[in-house]
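**Student:** What follows is a protein structure lacking sequence information:
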């Protein structure tokens, strides 16, 4: 695990000094406490994905000293399609790029799960959006089982479910300017998976999310006719 | 002591300083009582009251230092308050994706409305939202050509802007009020616009607290059980009576003669209650307990300024009618 030139300081200034205030005052994101992450050696944050604000909010919520040790897993075809984008996002967001397409001929030797496991072995923690892409505002799509396979591959690795509201309303897919909209980043507790069967783990994670939602009284899209 | 305060805050009138000191003393007494209950009766369920008292300290600190030290800071602070209230209200109400551009425009209305308040251009200030925005916002919605449930959006957007921007901006306009017409029935008062603002805010918030306390202590007969189960006739009447009495003793902040001060205080108390239950009804409809969780123990910003958005309009126009007919 090696950081790039000045990266920890730069990230701390960007996320803690600027982004967090922007999200708090302008957009209206409320961060719940996540200082307990400092006690964990390594973890995988699993979150719902509705907006580009998701990654920004998660990064801004993390304790400043951990920032450079946490790598959001991002799509190669989106964040790595040009050299400039790839190097910028790798410096400022510390992304771990994976390929989403299954039948990609180049994909044979870089299995996404293996890439994530390698990053874990290096000592990084990860941020993962198991839905695979940004869904509709305030709705959670079916999660993909990659996270379960990673947890099986690296036993002893804890996952932290995080449910965010308001992000998709503030900056939905296709919009450029964030609209102020009250949202919350709800942190769940770090948990060890109870089983080694991918289906069981996925079920467990889905349950964690629904308890998180009911704990904070979150209703998904309540559009009434 | 007095010299030091006047040296520190040269443009604060002694009336305003007296009231601010009075409030800080009341808060101190309240904190001591709450702390004593916590120590001597640890079983009492007063954790929410403790959180509320703490938040009152913070809110008073922010409000007094933002509004009464520098005038420009005061206008900016009130504009920010409008912004937070606006954001909170429409976040709870929900909106369609095609409403986004209209919402951005409505945000732009906040700085414009407060600049109008700052320069004290009454004619434009008073029509900007109820007339100009009222006509423009629906057009922006129509341009998107998404007519599904557009009526709801049109109505909701205008209502939210009226309550959170138009209502609260009247607090700012109070600061721009000139001296009252000497030909009218007024009494000598040199507290100025700040005095009016302080009078309004203190009475409104005390009215909330009074209604809460009277209701908790003597509440029996529910007033609007389906909207707000905690509101009782005892709380309402007790609140109105005590607010009127407090208003009478604080009349030196305003140019109002005694009888008018009593009338205005009673009207503030009643309209404060109305604002409170209007927001309660919305919370009930949307199935939320609080409008947000910005202020510990109180909920969101709008849980605190709900009554203010009503009383500001009522008080402003009452005092405008009574003491400023020449404008």
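**Tutor:** Happy to help now that I have it. This structure is a prediction, so every number in the text was calculated from the model and none was measured.
**Student:** excluding its backbone neighbours, what's nearest residue A:49?
**Tutor:** residue A:129 (3.7 Å; C-beta to C-beta, 6 or more residues apart in numbering or on different chains). Every residue, glycine included, has its C-beta placed from N, CA and C.
**Student:** separation between that neighbour and residue A:52?
**Tutor:** For residue A:129, the distance to residue A:52 (C-beta to C-beta, to the nearest Å) stands at 11 Å.
**Student:** which of the two has more neighbours?
**Tutor:** It is residue A:129, of residue A:129 and residue A:52, that has more neighbours when counted by other C-beta atoms under 10 Å in any protein chain shown, with 24 against 17.
**Student:** looking at it, that one is touching residue A:45, isn't it?
**Tutor:** No: contact criterion C-beta atoms under 8 Å: residue A:129 and residue A:45 do not qualify, at 9.4 Å.
**Student:** Go ahead and confirm residue B:54 touches residue B:297.
**Tutor:** Yes: assessed by C-beta under 8 Å, residue B:54 is found in contact with residue B:297 at 7.2 Å.
**Student:** quick revisit: for the residue nearest to residue A:49, which residues are in contact?
**Tutor:** Applying C-beta atoms under 8 Å, 6 or more residues apart in numbering or on different chains to residue A:129 gives the contacts A:46, A:47, A:48, A:49, A:54, A:73.
**Student:** Now go through those and say which are in helices.
**Tutor:** residue A:54 (DSSP state H).
**Student:** Would you mind measuring from the nearest residue to residue A:184 once chain neighbours are set aside to residue A:5?
**Tutor:** With C-beta to C-beta, 6+ apart as the criterion, residue A:184 has its nearest non-adjacent residue at 4.6 Å, and that residue is residue A:30. Distance, residue A:30 to residue A:5, using C-beta to C-beta: 34 Å.
**Student:** more neighbours, the two?
**Tutor:** Using other C-beta under 10 Å as the criterion, residue A:30 and residue A:5 rank with residue A:30 on top: 19 against 7.
**Student:** And the strand or helix carrying the more buried one, what does it pack against?
**Tutor:** Per DSSP states H and E, residue A:30 falls inside strand A:29-31. On a contact count with 3 or more C-beta pairs under 8 Å, 6 or more residues apart in numbering or on different chains; DSSP states H and E, strand A:29-31 meets helix A:53-61, strand A:183-187.
**Student:** so where do the strands sit in chain A?
**Tutor:** Residue ranges of the strands in chain A, as given by DSSP state E, are A:29-31, A:43-47, A:70-75, A:96-98, A:125-128, A:158-165, A:183-187.
**Student:** Let me know the next secondary structure element after the host helix or strand of residue B:28.
**Tutor:** Assigned by DSSP H and E, residue B:28 falls within helix B:14-40. On the C-terminal side of helix B:14-40, the nearest following helix or strand under DSSP H and E is helix B:47-68.
**Student:** By mean pLDDT, show me the worst of the strands of chain A.
**Tutor:** When the strands of chain A are compared by mean pLDDT, strand A:96-98 comes last with a mean of 86.
**Student:** Parallel or antiparallel, which strands does that one pair with?
**Tutor:** Here strand A:96-98 has these sheet partners by DSSP bridges: strand A:70-75 (parallel).
**Student:** How far does the strand it pairs with sit from its chain's centre?
**Tutor:** 7 Å (C-alpha atoms, centre = their mean, to the nearest Å).
**Student:** Give me the contacts around it.
**Tutor:** Residues from elsewhere that reach strand A:70-75, judged by C-beta under 8 Å, 6+ apart: A:45, A:55, A:58-59, A:62, A:80, A:89, A:93-100, A:112, A:116, A:119, A:124-129, A:133.
**Student:** any idea of the pLDDT on residue 203?
**Tutor:** With no chain named, the answer covers chain A. pLDDT for residue A:203: 91.
**Student:** hm, I was asking about chain B
**Tutor:** 95.
**Student:** Roughly how far does it sit from residue B:260?
**Tutor:** In terms of C-beta to C-beta, residue B:203 sits 14 Å off from residue B:260.
**Student:** and if you look at residue A:210?
**Tutor:** For residue A:210, the distance to residue B:260 - C-beta to C-beta - is 58 Å.
**Student:** So if I had to pick from the two, which one is more boxed in?
**Tutor:** In this view residue A:210 and residue B:260 are compared by other C-beta under 10 Å, and residue B:260 has more residues nearby, 19 against 12.
**Student:** just to revisit the earlier point, buried only: go through the contacts of strand A:70-75 for me.
**Tutor:** With burial judged by 16 or more other C-beta atoms under 10 Å in any protein chain shown, the buried subset of the contacts of strand A:70-75 is A:45, A:55, A:58-59, A:62, A:80, A:89, A:93-99, A:112, A:116, A:119, A:124-129.
**Student:** Show me the shaky parts of chain B.
**Tutor:** Counting by pLDDT under 70, chain B shows low-confidence ranges at B:181, B:183-185, B:325-327.
**Student:** At which residues are the helices of it located?
**Tutor:** Counting by DSSP H, the helices of chain B are B:2-8, B:14-40, B:47-68, B:71-93, B:100-119, B:122-127, B:134-143, B:150-161, B:167-175, B:192-218, B:233-249, B:258-286, B:301-323.
**Student:** just so I know, which of those helices lies nearest residue B:186?
**Tutor:** Across the helices of chain B, residue B:186 has its closest neighbour in helix B:301-323 (5.3 Å, C-beta to C-beta).
**Student:** ok, the closest one near chain A or not?
**Tutor:** No: Helix B:301-323 lies apart from chain A when judged by C-beta under 8 Å from any C-beta of the partner chain; the minimum separation is 9.9 Å.
**Student:** Can you give me the neighbour number for the nearest residue to residue A:164 once chain neighbours are set aside?
**Tutor:** Closest residue to residue A:164 apart from its sequence neighbours, by C-beta to C-beta, 6+ apart: residue A:185 at 5.2 Å. By the criterion of other C-beta under 10 Å, residue A:185 has 22 neighbours.
**Student:** Skipping its backbone neighbours, what lies nearest residue B:295 in space?
**Tutor:** residue B:55 (5.0 Å).
**Student:** What residues does the one you found make contact with?
**Tutor:** B:295, B:296, B:297, B:298.
**Student:** With residue B:142 instead?
**Tutor:** Residue B:142 touches residue B:150, counting by C-beta under 8 Å, 6+ apart.
**Student:** if you set the cut-off to 6 Å instead, what comes out?
**Tutor:** The contact partners of residue B:142, taken as C-beta atoms under 6 Å, 6 or more residues apart in numbering or on different chains, number zero.
**Student:** Could you pull up phi and psi at the residue nearest to residue A:49?
**Tutor:** phi -110, psi 90 (degrees, to the nearest 10).
**Student:** From chain B, how far off is it?
**Tutor:** Taking C-beta to the nearest C-beta, to the nearest Å as the measure, residue A:129 falls 21 Å from chain B.
**Student:** Name the nearest residue to the residue of the stretch 1-150 of chain B found nearest chain A, sequence neighbours excluded.
**Tutor:** Nearest residue of the stretch 1-150 of chain B to chain A (C-beta to the nearest C-beta) works out as residue B:91 at 3.9 Å. Distance criterion C-beta to C-beta, 6+ apart; nearest residue to residue B:91, sequence neighbours excluded, is residue A:182 at 3.9 Å.
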